[in-house]
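In: Give me coordinates for this.
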Amino acid sequence: MPRLTRREFLRLGLLAAVPSALSAGLGACFKREKERVVNFFNWSTYIGKDTLPVFTRETGIKVNYDVFADEEEMFAKLRSGALGYDLIVATDYLLPRLKAANIIAPMPMGDIKNLRNIERRFLDTPFDPSREFSIPYLWGTTGIGFNRKLTAKPPSSWLDLWDEKYRGRITMLDNARDCISTALLIKGWPENTADERHFAEVRELFLKQKPLVKQYTSATYIDSLITGETALAMAWSGDVLQALKENPQLDYVIPKEGSYMWVDCLCMVRGGRHREDTVRLIDYLLRPDVGADIANTVRYASPNAAARPKIDPALLMDPRVYPGPQAARKLAFHCLLDPETYNLWNQTWSDIKAL
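Out: You can find the predicted model right below:
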């Protein structure tokens, strides 16, 4: 069975262990408005194995857990009028689009007592400056995953993903924000550039790389690293850490040019019919014991400061999960993009993949 990653659209494994009602069953539950239920839309395998069953036992509130393949799929589904979802997880840089499309609603922060557990630096971000629409859930970084057995030396630069000797053994994330941000870092240009000349050079850079790339994928790149089919991959930190159980030769590095950290956030869907129970689930997810269990399971970093004493000490000390001061200085949050620039990014990425 293919391994599930944070971004992969497979409704298997963990989903069978939680009270879910996918497909037709989910739709039926949406109709029972008075039922104590929360309809939760998230990445797959991005929650603890027992998180939702324990919540249901404690509260009597059922959670229908549905998953999406990537952010654009999630955004398109919600924008098209998909009804019934109460709670979603969205990456920070998607929040302005969700707000502009009237998809997410202000959250009753005063009713969420465990919000106080979230580390302050994760509450002061440019994507939701008034902190009305989102609460940090997990965070991670984008870097290079690699198989130590198949690399002459550990990669240290983003340009190692352009190394001819790894022809056909490189994968890149199928994600415009990650890939184009990386190209701009390599070139030394600001992330919020709208200069057409910069994007022309970004296209040229990826055109040179394309013969070396086995696949653009955000879902199955870990499988290829585990089996040795590939040697290098643009990767998300926690995916590689999870995969170490299957192949201890894998490793992860933040390149010397720097990279970006992202925060996945809990958001309430506008028009959700189970507001009170959704608030109760959010508050539960922010409990120290629950936050720690989620982090220990998915191997991504937690913004929950109160959870730290309960998080596996080895995880807390692992610089691949919680970067040390030197690496942290090379990390930044993604910047805000205006709609016109965002469209330029998406068009550039479509052009690159079509080359």
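
In: Which segments of the chain make up each domain?
Out: Annotated domains of the chain cover 13-139+261-316, 143-260+324-354 [automatic domain parsing].

In: mean pLDDT for those domains: which is lowest?
Out: Here the lowest mean pLDDT among the domains of the chain goes to domain 13-139+261-316, at a mean of 88.

In: ok so, going back, would you turn the domains of the chain into JSON lines with mean neighbour count?
Out: C-beta coordinates here come from the backbone N, C-alpha and C atoms, glycine included. Below are the domains of the chain laid out as JSON lines (neighbours: other C-beta atoms under 10 Å):
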{"stretch": "domain 13-139+261-316", "mean neighbour count": "18"}
{"stretch": "domain 143-260+324-354", "mean neighbour count": "18"}
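
In: Might you report the residue contacts of residue 145?
Out: Neighbouring residues of residue 145 by C-beta atoms under 8 Å, 6 or more residues apart in numbering: 221-222, 225, 232-235, 239-240, 243, 250-252.

In: my bad, residue 85
Out: Shown here is residue 85, whose contacts under the criterion C-beta under 8 Å, 6+ apart are 39-41, 66, 78, 269, 272.

In: Take these and keep only those in strands.
Out: When DSSP state E defines the strands, the subset of those inside them is 39-41, 66, 269.

In: Widest-spaced pair of those residues?
Out: 66 and 269 (11.9 Å; C-beta to C-beta).

In: Name the residues contacting each of the two.
Out: Jointly contacting residue 66 and residue 269 under the rule C-beta under 8 Å, 6+ apart are 41, 85.

In: Just give the nearest non-adjacent residue to residue 50, would you?
Out: Excluding the flanking residues, the one nearest residue 50 by C-beta to C-beta, 6 or more residues apart in numbering is residue 293, at 7.2 Å.

In: likewise residue 63?
Out: The nearest residue in space to residue 63 (C-beta to C-beta, 6+ apart) is residue 52, at 4.6 Å.

In: thinking the one you found is in contact with residue 64, fair?
Out: No - between residue 52 and residue 64 there is no contact under C-beta atoms under 8 Å: 9.5 Å.

In: got the ones in strands among the contacts of residue 85 as CSV, with distance to residue 195 columns?
Out: Rendered in CSV, the data for the ones in strands among the contacts of residue 85 read as follows (distance: C-beta to C-beta, whole Å):
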residue, distance to residue 195
39, 43
40, 40
41, 36
66, 40
269, 36
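
In: before we move on, back to that, return the closest of the contacts of residue 145 with respect to residue 186.
Out: Using C-beta to C-beta, residue 234 comes nearest to residue 186 of the contacts of residue 145, at 12.3 Å.

In: how would you label that closest one: helix, strand or coil?
Out: Three-state assignment for residue 234 (DSSP: H, G, I helix; E, B strand; the rest coil): strand.

In: looking at it, it is touching residue 161, isn't it?
Out: Yes - counting by C-beta under 8 Å, residue 234 touches residue 161, with 6.4 Å between them.

In: Overlap of the contact sets of those two?
Out: 144, 172.

In: From residue 73, how far out is the closest residue in space to residue 175 that isn't next to it in sequence?
Out: Excluding the flanking residues, the one nearest residue 175 by C-beta to C-beta, 6+ apart is residue 218, at 5.7 Å. Remark: distance between residue 218 and residue 73 (C-beta to C-beta, to the nearest Å) = 11 Å.

In: cool, and residue 199?
Out: Using C-beta to C-beta, we find residue 199 at a distance of 25 Å from residue 73.

In: doesn't residue 294 make contact with residue 312?
Out: No - counting by C-beta under 8 Å, residue 312 does not reach residue 294; the two are 12.0 Å apart.

In: Beyond the longest strand seen in the chain, next helix or strand please.
Out: Longest strand in the chain, counting residues (DSSP E): strand 135-147. The helix or strand immediately downstream of strand 135-147 is strand 170-172, counting by DSSP states H and E.
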